[in-house]
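>>> give me a 3D structure for the following:
(one chain, ligands or ions: 1)
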Amino acid sequence: MAFAHELSWSVSRSGTFATCRRSYYHNYYLSWLGWSWDAPPQRKLAYKLKKLTRLPMWAGDCLHEALAAWFEEKAGGRERDAAWVEAHALKALRDGYKQSRDEAAAWEKRPAKNIRLAEHYYGEPSVDESNDNAKEYGTRYVERIREGTRAFFEAPELERVRAASPEDYLACEELGTIELNGTKVFAIPDFAFREGDDVWIYDWKTGSPREQDLFQLAMYCLYAEQKWGVDPSAVRCVDAYLPSGQYVEKTFTIADLDATLARATESMAAMRAVHFDADAGMGDPADFPQIPADSPEARECRTCHFRELCDRV
Ligand code: SF4
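Residues are numbered from 1 along each chain as shown. This next block holds a predicted model:
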């Protein structure tokens with residue numbers, strides 16, 4: 001069955017929209033249908049670039065997947081230890097890095113099924129193996145995974161997560177949707193479970209805190225209300241910055257959640273104002289301005305996947 005292009009919403013999509021309209025256009029419009037063999041070259045390129053990742057993101061994905069596998073193993077009656085999670089995550093990290101470096105042709109053919117780091121694609125100095133750069137850069141993320149795994153297994157703040165019984169699990173890294181204002185909203189809570197009358201939602205973080213993180217937690221409360229029929233102001237949320245050992249626990253008042261809903265509604269309305277049917281055409285990129293090259297915000301371009309399309313390589 002063919003997918004139809006539609007406007008949907010997520011916290012990360014709203015973040016892209018707020019940061020750079022052109023990146024938003026490339027991500028959600030120009031790349032649409034770029035997987036088809038007969039797509040126009042610009043669409044194919046946007047789709048490919050959308051599928052790039054970066055080592056910090058890839059390391060985060062590897063740890064998330066290893067933790068999800070730990071929960072799954074536990075649900076299957078197999079208790080795995082920290083060494084198992086670390087080995088699982090590090091193998092994925094190294095396999096992905098090697099594939100990115102050595103198998104560019106495979107990614108060119110099937111970008112959704114292979115790993116390609118933007119650092120390799122754009123030949124960034126951080127992955128230069130003719131000196132110590134690549135080793136130092138890679139070691140940073142190996143350490144991040146090690147520290148994150150240690151925190152997951154040792155932090156007192158995560159005791160209830162480790163002790164949770166599988167029959168109380170509500171979600172573990174599943175992409176879910178709810179509807180707000182007639183718009184489909186995507187969310188992927190990293191781990192949610194019931195503890196007595198309480199619902200806890202955890203987000204694993206491998207980078208530094210961002211303003212958007214609390215917005216995401218509050219959206220999870222609205223998600224929990226629709227998905228599991230719970231009082232959203234009673235949901236207990238935690239942003240767990242695993243490698244740095246910071247744990248931000250939050251509950252949101254009804255007023256907080258009203259403000260969150262208002263912010264999401266405003267973001268949806270702004271997106272709807274520039275929305276067009278990408279099945280019918282590629283639209284006008286001028287409706288989605290680039291970040292001015294001489295503005296301080298242009299620092300975003302340095303790590304953006306779409307530099308090639310913007311002539312900012
Ligand atoms: S290269 Fe810069 S202007 Fe172009 S999409 Fe990326 S962030 Fe936006």
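
>>> helices of the protein, start to end?
For the chain, applying DSSP state H gives helices covering 11-19, 21-25, 41-50, 55-75, 82-102, 104-109, 118-121, 133-154, 159-163, 211-228, 254-274, 307-310.

>>> for Leu170, which of those helices is the nearest?
Nearest to Leu170, of all these, is helix 211-228, at 6.0 Å by C-beta to C-beta. For glycine as for every other residue, the C-beta is placed from the backbone atoms N, C-alpha and C.

>>> can you pull the residues of the stretch 151-300 of the chain lying near the ligand?
For the stretch 151-300 of the chain, the contact set with the ligand under C-beta under 6 Å from any ligand atom comprises Gln290, Ile291, Glu300.

>>> which residues touch the last one?
Glu300 makes contacts with Thr19, Cys20, Ser23, Ile291, as judged by C-beta atoms under 8 Å, 6 or more residues apart in numbering.

>>> redo the helices of the chain as CSV? Include distance to Tyr169 and mean neighbour count.
Shown next, in CSV, are the helices of the chain (distance: least, C-beta to C-beta, whole Å; neighbours: other C-beta atoms under 10 Å):
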stretch, distance to Tyr169, mean neighbour count
helix 11-19, 23, 17
helix 21-25, 34, 21
helix 41-50, 31, 19
helix 55-75, 7, 20
helix 82-102, 17, 17
helix 104-109, 34, 13
helix 118-121, 34, 21
helix 133-154, 16, 17
helix 159-163, 10, 13
helix 211-228, 12, 20
helix 254-274, 24, 15
helix 307-310, 41, 17
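
>>> show me this structure divided up by domain.
Following the assignment in automatic domain parsing, the chain carries domains at 10-156+290-310, 159-252.

>>> can you list the ones you listed in a markdown table and add mean pLDDT?
Output for the domains of the chain, formatted as a markdown table (pLDDT from 0 to 100):
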| stretch | mean pLDDT |
| --- | --- |
| domain 10-156+290-310 | 97 |
| domain 159-252 | 95 |
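
>>> any idea which of these gets closest to Gly281?
Once the domains of the chain are compared by C-beta to C-beta, domain 10-156+290-310 is nearest, at 9.5 Å.

>>> start to end distance for the closest one?
24 Å (C-alpha to C-alpha, to the nearest Å).

>>> what about whatever residue of the stretch 151-300 of the chain ends up closest to the ligand, how many neighbours?
Taking C-beta to the nearest ligand atom, the ligand has its nearest neighbour within the stretch 151-300 of the chain at Gln290, 3.7 Å off. Gln290 sits with 20 neighbouring residues when counted by other C-beta atoms under 10 Å.

>>> next, the buried residues of stretch 291-310.
Ile291, Cys301, Cys304, His305, Phe306, Arg307, Leu309, Cys310 (16 or more other C-beta atoms under 10 Å).

>>> nearest to Arg146 among the residues you listed?
Nearest to Arg146 among those is His305, at 27.3 Å by C-beta to C-beta.

>>> who's in contact with the closest one?
His305 is in contact with Leu49, Lys50, Leu52, Ala118, counting by C-beta under 8 Å, 6+ apart.

>>> just checking, Ser208 touches Gln246?
No - at 9.2 Å, Ser208 does not count as touching Gln246 under the criterion of C-beta atoms under 8 Å.

>>> the more surrounded of the two?
More crowded of Ser208 and Gln246, by other C-beta under 10 Å: Gln246, with 14 against 10.

>>> dump the residue contacts of the more buried one.
With contact taken as C-beta under 8 Å, 6+ apart, Gln246 is in contact with Pro209, Asp239, Ala240.

>>> and these, which of them are in strands?
The strands, defined by DSSP state E, take in Asp239, Ala240 from those.

>>> name only those of the contacts of Gln246 that count as buried.
Asp239, Ala240.

>>> which pair in the contacts of His305 spans the largest distance?
Lys50 and Ala118 (11.0 Å).

>>> one step back: relative to Gly138, which of the buried residues of stretch 291-310 is nearest.
His305 (19.9 Å).

>>> end-to-end on stretch 145-162?
End-to-end distance of stretch 145-162: 18 Å, with C-alpha to C-alpha as the criterion.
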